[in-house]
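Colleague: Generate coordinates for the sequence data below:
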Amino acid sequence: MAAIHRTFAVLLLAAADLAVAPTATAQAATAVCAQYCDTRDPSQARQETFPLPTLLINNRRIVLHLSDLDGLAWGSIDAGTQDESVWLDRTFDGGATWDGLLGKAAIPAGWTGTRTLMYNLADPSHHRRGMIRVCADAHGVACTAWVHSPLCTATCDNATGGADADPVRSVTLSGRTIALHFDAAGLAWGTITNNRTGDEVWLDRSFDAGASWPGGSSLGRTTSGRTNRFNSTEPTSLLYGGSVRACGRAVEGQNGACTAWARPGSSRARAAADALMYSYDPFPAWYPSSWWNSAVALSTVIQYIRRTGDQTYAWAVRRTFDVNRLAFPAGGRSSDPIEGHFISRSIDDTAWWGLTWLDAYDLTHDAVYLQEAVTIANYVAGFWDTSTCGGGVWWDRERTYKNAVTIGLYLRLTAALHNRIAGDTAWLGKAVTGWNWLQNSGLINGAGLVNDGLTGDCRNNGQTVWTYNQGLAIGAAMELYRATGTASYVDTARRLGSSALSSTLVQNGVLTESCDPSQSCDDNQKQFKGVFMRYLAEAGQFQTFANTQATSLWSTRDPMNRIGSRWASPTSPPDWRTQAAALQALLVAS
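Modeller: Numbering: from 1, shown residues only. This next block holds a predicted model:
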């Protein structure tokens, strides 16, 4: 955003009050990492703006510099003399405490100025919105005002007007009704009705799901009966999933009342995507603690971008790629070592990343993602083995198990590569051979359902029919149809879909994993249904079913738009895996 259009929120400090107030405390600095870590060199800044006027201390020029593109700030001193110094302070609680003397730099001999290194304004990994100032010691210590980036999405904070798109949350207080409202752009405001002269209403805003709200208290406080509108996300600082509540106070009482914390929900897909991105950690660039699940979650975000055109989260695609294609020791990203290029001993985990980078290629048309998918596919294809069961792909490097998920991924990946590489025949040959093997392997039982895997003597092991195995078989058939134009692939995909919908995978019209009723789904199983819904939609003729799922699961969301594993019940606890599965189902609904 150009500096001329910037509207910064500042906590103004009079020149006479620049000394540390008795109630405030400077504390030891803790390094913050967002897109970059603290102490980045200013020469690497992609932007330079000046949010505050130059501060003069004994004719020395003290300047705060800011790069919105990087989310970083730095300070400088000019027209000074040797040993005069400049530094930054940063606060995450509105100035009550701060990390002091960040990047303190003294002017060297023979120089007239220096600058600090760069420091983050926000801490998205811990859902904290910060403020920063530049200070200097030039025969007298002084600091600028505190400053942070504005919250501007469709419009900036404190906007008037707005049409009510989501008026669903209220609380009563002494006969008054205090309500929280959202418009279609996700801006919030509060109202108090049946009010008397002097009654107050305001908003609180939190970036950590309501655990705290430093700097976000009493927004728009007014006695008019309605606040102005305020944002609940800050894309510039990578702070998503922000929540707000409306609060009020009756004029004759000392106590107030607040609604529950909530996030905007007028657009289902946007609301679900915002809640999902709350859990994305931008510095390690993944959804913490789950390797293959992170691949599928990112793939779902990519599909969200493609379907809606909303580019808000597009930055996360390249960041995930750049950070995570390196090698990691065991425990760094998975219980297994990651050996570079997203490869590990778990063949299925590796293949999920291959499909994700094909999605990224479809989104961006950047060949680097296609090449990464080829690298991954070559690795996976190395575990196709005709010496056991006549073919199939091993689930792990130790070659202990041939199962449905790995062959399903292999088929989808190889057929998809053919469809994206001009003149290819090799990948198509692998896909067709693999499909023929799957059809004759026994993995698909007599009811048209895909069991988990094969026994040691190459028979269907009768283990659980998981929705994602069924979905991958459908997805493989549809990719092969696009590769060959052979209608029988579509017929098979639709039979597999119909078999699933007429089985115990659907209960009372709602897709139900076998572990859902007991709420015993593990971290892997929580994400299976989203895979099924993605690939079922590709087969066509199941749109009514898809719409039913979206309606049902949306009705189970909590005020923060979080959705659990059980799409027919609001009692199942949500996490980012269940959120990704739900978002996928919402994306394929009409």
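Colleague: And the contacts of stretch 563-572?
Modeller: With contact meaning CB atoms under 8 Å, 6 or more residues apart in numbering, stretch 563-572 is reached by 272, 275, 507-508, 510-513, 515-517, 519, 521, 525-526, 529, 549, 552-558, 573-574, 578-579, 581-582, 585. C-betas here are computed from N, CA, C, even on glycine.
Colleague: switch to 6 Å and redo it
Modeller: Here stretch 563-572 makes contact (CB atoms under 6 Å, 6 or more residues apart in numbering) with 510, 516, 519, 521, 526, 552-553, 556-557, 573-574, 578-579, 582.
Colleague: Can I get the buried part of those as one ChimeraX selection?
Modeller: In ChimeraX syntax, the buried subset of the contacts of stretch 563-572 is picked out as below (16 or more other CB atoms under 10 Å):
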select :510,516,521,526,552,553,556,557,574,578,579,582
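Colleague: between the contacts of stretch 563-572, which is closest to residue 135?
Modeller: The shortest approach to residue 135 among these belongs to residue 579, at 41.6 Å (CB to CB).
Colleague: possible to save the contacts of stretch 563-572 as JSON lines with secondary structure, distance to residue 296 and pLDDT?
Modeller: JSON lines is the format used below for the contacts of stretch 563-572 (DSSP: H, G, I helix; E, B strand; the rest coil; distance: CB to CB, whole Å; pLDDT from 0 to 100):
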{"residue": "510", "secondary structure": "strand", "distance to residue 296": "21", "pLDDT": "98"}
{"residue": "516", "secondary structure": "coil", "distance to residue 296": "18", "pLDDT": "96"}
{"residue": "519", "secondary structure": "coil", "distance to residue 296": "21", "pLDDT": "93"}
{"residue": "521", "secondary structure": "coil", "distance to residue 296": "15", "pLDDT": "96"}
{"residue": "526", "secondary structure": "helix", "distance to residue 296": "11", "pLDDT": "97"}
{"residue": "552", "secondary structure": "helix", "distance to residue 296": "21", "pLDDT": "98"}
{"residue": "553", "secondary structure": "helix", "distance to residue 296": "17", "pLDDT": "97"}
{"residue": "556", "secondary structure": "coil", "distance to residue 296": "21", "pLDDT": "96"}
{"residue": "557", "secondary structure": "coil", "distance to residue 296": "20", "pLDDT": "95"}
{"residue": "573", "secondary structure": "coil", "distance to residue 296": "19", "pLDDT": "91"}
{"residue": "574", "secondary structure": "coil", "distance to residue 296": "16", "pLDDT": "96"}
{"residue": "578", "secondary structure": "helix", "distance to residue 296": "12", "pLDDT": "98"}
{"residue": "579", "secondary structure": "helix", "distance to residue 296": "12", "pLDDT": "98"}
{"residue": "582", "secondary structure": "helix", "distance to residue 296": "13", "pLDDT": "98"}
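Colleague: Select the longest strand from the protein.
Modeller: When the chain is parsed with DSSP state E, its longest strand is strand 97-106.
Colleague: At which residues are the strands of the stretch 201-350 of the chain located?
Modeller: Here the stretch 201-350 of the chain has its strands, by DSSP state E, counting those that start in this stretch, at 219-222, 243-249, 256-258, 327-328, 338-339.
Colleague: For residue 418, find the nearest of those.
Modeller: When these are compared (using CB to CB), the closest one is strand 338-339, at 26.0 Å.
Colleague: residues in contact with that closest one?
Modeller: 327, 328, 344.
Colleague: same thing but at 7 Å, please
Modeller: Strand 338-339 is contacted from outside by 327, 328, 332, 344, using CB atoms under 7 Å, 6 or more residues apart in numbering.
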